[in-house]
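What follows is a predicted protein model with its sequence.
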Amino acid sequence: MTTPVNNKTIEDQLTLEYHGIPVKTGRMNSYEVAAYIIAFSEFLGIVSNKTYGEKITIKTEIQGFRKDSFDIDFFFQLGVVTGMLFNETPFSVRQYAELVKECIKVWLHLNGESPKSIQPVQDNRNNLQIENQNGTILYTSINVTNIISDPKAGEAVEQFIKKPLEAGLSHVRINSKSSGEIARLEKKDALSFVPIPIERPSAIEKQQEIQITLLIESATFKEGNKWRFSDGENSFAAAIIDEEFLKNVNEGVARFGKGDQLIARVRFTQSGAFGSLKLDRTIVKVLEHKIPPRTGRLFRLDPSDK
């Protein structure tokens, strides 16, 4: 395993809780519990890999057990692989917990059946719409779709959610020490947690341009590197191809500080097949640089500035 550098890690305590008569009577089978632990750890690894790829390492350790319910505490750590620029990847406990929560929501939405349809959407904040067999539509991200379409992810949730609920437990909870409850699942939910059969077209490609306001989270002044922005909901890296804007940056005409925003025309490109879909963003044209009132500066782009 590659060791994370520069302390660029996130740490959390995740708890997998089992409730019900088998817990109260002390009749949880030790071999089954071991299988639940392995499956939960594997699921966390799939979420990490499908979202961050090999840029991120994941480490889970059993930290303890509690008996009020049958609670398994996991020490959880994500770290940046050596040599990776930290601002290339969204990286927080909250974002990771939300990914897990969204995956659970999609499994419940599909209720163990293949989706009726999965389509790109026009809203840049919601990358795909998933229609279930009842005709209900749920909007979710490409990352979540990649996770739930992975058969190994389906096998993992079947092992640590479906099987214990079918074995007599009343409910299963997943908690984050930092982010609170991620999911609470009851016996009626058990059938939803299975590998989801998804028809996989060879490729999807959709492109659109939208004018939006972006908050600058970090700027990279080395040629070819991407800047990091937030649209108010998503944090993402994007290349800038506006030559006039880049010329002003390189010549020190443009100066930036904390809270600066760009009004820009952004090109969104969805590509790939289900299970490996990705969304790329490109800043095509910077229309306005909005500078909030302030007394100090975060950074300056004047070559003579010391």
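Everything's here; your move. Residues are numbered from 1 along each chain as shown.

how far out from the middle of the chain is the strand ranked longest in the chain?
If you go by DSSP state E, the chain has its longest strand at strand 204-218. Mean-position distance between strand 204-218 and its chain equals 18 Å (Cα atoms, centre = their mean, to the nearest Å).

same thing with stretch 10-21?
On the basis of Cα atoms, centre = their mean, stretch 10-21 sits 19 Å off its chain's mean C-alpha point.

repeat for stretch 139-159
In terms of Cα atoms, centre = their mean, the centre of stretch 139-159 is set 12 Å apart from its chain centre.

cool, stretch 225-233 as well?
Averaging C-alpha positions (Cα atoms, centre = their mean) puts stretch 225-233 15 Å from its chain's average.

average pLDDT for that stretch?
Taken as a whole, stretch 225-233 carries a mean pLDDT of 83.

Just the strands from the stretch 1-150 of the chain, written as ranges.
9-20, 56-66, 70-80, 117-120, 128-131, 137-140 (DSSP state E, counting those that start in this stretch).

Alpha carbons of whichever helix or strand comes after the longest strand of the chain, as PDB, please.
Remark: after strand 204-218, the chain's next helix or strand is strand 227-230, criterion DSSP states H and E. Provided in PDB are the C-alpha atoms of strand 227-230 (Å, rounded to 0.1, in the frame of the first residue of the first chain):
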ATOM      1  CA  TRP A 227      -8.000  24.800 -11.200                       C
ATOM      2  CA  ARG A 228     -10.500  23.700  -8.500                       C
ATOM      3  CA  PHE A 229     -13.900  25.300  -8.300                       C
ATOM      4  CA  SER A 230     -17.200  25.000  -6.500                       C
END
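
Mind listing what's buried along whatever helix or strand comes next after strand 227-230?
Using DSSP H and E, the helix or strand that directly follows strand 227-230 along the chain is strand 235-240. Neighbour counts over strand 235-240 (16 or more other Cβ atoms under 10 Å) mark 235-238, 240 as buried. Any C-beta I mention is one placed from the backbone N, CA and C, and that applies to glycine too.

List the strands paired with strand 235-240, with their directions.
Within its sheet, and counting by DSSP bridges, strand 235-240 is paired with strand 227-230 (antiparallel), strand 278-290 (parallel).

Please point out which parts of the first one sit buried.
So the one you mean is strand 227-230. Buried residues in strand 227-230 (16+ other Cβ under 10 Å): 227-229.

any low-confidence regions in the stretch 101-250 of the chain?
Along the stretch 101-250 of the chain, the parts satisfying pLDDT under 70 run over 122-126, 199-206.

wait, isn't Asn132 in contact with Ser117?
No - using Cβ atoms under 8 Å, Asn132 is not in contact with Ser117, being 9.4 Å away.
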